[in-house]
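>>> give the three-dimensional model of this entry:
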Amino acid sequence: MRRKIPTDTWEQVKTAFASGIIGLREIARNMGIPEGTVLARAKREGWTREIQNAKALAKREHSAPAVTAKEPVANHHAVAR
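As a prediction, the model looks like this:
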């Protein structure tokens, strides 16, 4: 008998996959969902492309300049005498 997997469960699966820490098969096992069901949905909805875009965006956000507007640049380049 088929059971309907709630939308919030699918969001949890997608979020876990987007984190990049765990694979779809392991997520499926941990959530008690058939592996084929999770793999099919990920493929159908194109999760792979979304993950790559999310990683690229996260990488850009982490490479922000270390100097803030409140902190003068001169403080970072002070020479000890």
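>>> where in this protein is pLDDT low?
Along the chain, segments meeting pLDDT under 70 span 1, 48-58, 60-81.
>>> all helices in it, in order from the N-terminus.
In the chain, the helices defined using DSSP state H lie at 7-18, 24-31, 35-45, 47-62.
>>> and stretch 5-12, what's buried?
In terms of neighbour count (16 or more other Cβ atoms under 10 Å), stretch 5-12 has its buried residues at I5. For the C-beta atoms, the positions are set from N, CA and C on the backbone; glycine is no exception.
>>> re the thing from before, highest average neighbour count across the helices of the chain?
helix 24-31 (a mean of 16; mean count of other Cβ atoms under 10 Å).
>>> quick one: contacts of that helix?
9, 12-13, 16-17, 22, 34-35, 37-39, 42 (Cβ atoms under 8 Å, 6 or more residues apart in numbering).
>>> let's see that with 7 Å instead.
9, 13, 16-17, 34-35, 38-39, 42 (Cβ atoms under 7 Å, 6 or more residues apart in numbering).
>>> wait, what's in contact with I22?
By Cβ under 7 Å, 6+ apart, the contact set of I22 is A16.
>>> again with K59
Neighbour list for K59: empty [criterion: Cβ under 7 Å, 6+ apart].
>>> can you tell me the closest non-neighbouring residue to L39?
The shortest distance from L39 to any non-neighbouring residue, by Cβ to Cβ, 6 or more residues apart in numbering, is to L24 (5.7 Å).
>>> roughly how far does that neighbour sit from R2?
20 Å (Cβ to Cβ, to the nearest Å).
>>> ditto for G23
Distance of G23 to R2, computed by Cβ to Cβ: 24 Å.
>>> who has more neighbours out of these two?
Neighbours were counted for G23 and for R2 using other Cβ atoms under 10 Å; G23 has more, 12 against 5.
>>> for the more buried one, which non-adjacent residue is closest in space?
Of all residues not flanking G23 in the chain, F17 sits nearest, at 7.7 Å (Cβ to Cβ, 6+ apart).
>>> before we move on, back to that, let's have the contacts of helix 24-31 in JSON lines, adding distance to K59.
Supplementary listing: these in JSON lines, determined by distance: Cβ to Cβ, whole Å:
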{"residue": "T9", "distance to K59": "29"}
{"residue": "V13", "distance to K59": "23"}
{"residue": "A16", "distance to K59": "20"}
{"residue": "F17", "distance to K59": "18"}
{"residue": "P34", "distance to K59": "33"}
{"residue": "E35", "distance to K59": "29"}
{"residue": "V38", "distance to K59": "26"}
{"residue": "L39", "distance to K59": "26"}
{"residue": "A42", "distance to K59": "22"}
